[in-house]
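K.L.:
Dropping the sequence and predicted coords here.
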Amino acid sequence: MSKKDLIDAVAKACELTKEKAGSAVEAVLEHIKSTMNNGEEVRIPDFGTFKVAKRKARDGRNPATGATIKIPASRVAKFTPAKGLKDLLN
């Protein structure tokens with residue numbers, strides 16, 4: 001499902017125009033991104049939790065040359081599905 005498909009589904013389910021549904025979807029996504037950028041997690045009951053994990057700096061290897069390179073520490077997004085979502089899928 002693409003973002004456009006999601007907007008179309010929200011517009012149909014909530015009987016909104018595509019413009020209003022697009023604004024709603026954008027607002028939700030922006031809020032999730034800004035909350036995660038602050039290092040906080042976003043919990044959506046019966047769906048899951050979006051959180052930020054810290055990755056340590058480590059050594060890597062360039063596959064083309066075989067040279068060792070330093071990979072800097074970074075923050076990555078992680079999603080953990082809720083029990084309700086897991087049960088729905090299985």
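P.N.:
Alright, I've got the coordinates.

K.L.:
just checking, residue 49 touches residue 36?
P.N.:
No: with contact defined as C-beta atoms under 8 Å, residue 49 does not reach residue 36; the gap is 10.7 Å. C-beta: built from backbone N, CA, C; applies to glycine.

K.L.:
Have a look at those two and say which one is more surrounded.
P.N.:
Neighbour comparison, residue 49 and residue 36: the larger count goes to residue 36, with 17 against 14 (by other C-beta atoms under 10 Å).

K.L.:
buried set for the helix or strand containing the more buried one?
P.N.:
For residue 36, the host element (DSSP states H and E) is helix 18-37. Across helix 18-37, burial judged by 16 or more other C-beta atoms under 10 Å covers 21-22, 25, 36.

K.L.:
Show me what it packs onto, helices and strands only.
P.N.:
Using 3 or more C-beta pairs under 8 Å, 6 or more residues apart in numbering; DSSP states H and E, the elements in contact with helix 18-37 are helix 3-14, strand 42-44, strand 48-55.

K.L.:
Distance to residue 86 and mean pLDDT for these - can I get that in a markdown table?
P.N.:
Formatted as a markdown table, the helices and strands packed on helix 18-37 follow (distance: least, C-beta to C-beta, whole Å; pLDDT from 0 to 100):
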| stretch | distance to residue 86 | mean pLDDT |
| --- | --- | --- |
| helix 3-14 | 21 | 95 |
| strand 42-44 | 14 | 96 |
| strand 48-55 | 9 | 96 |
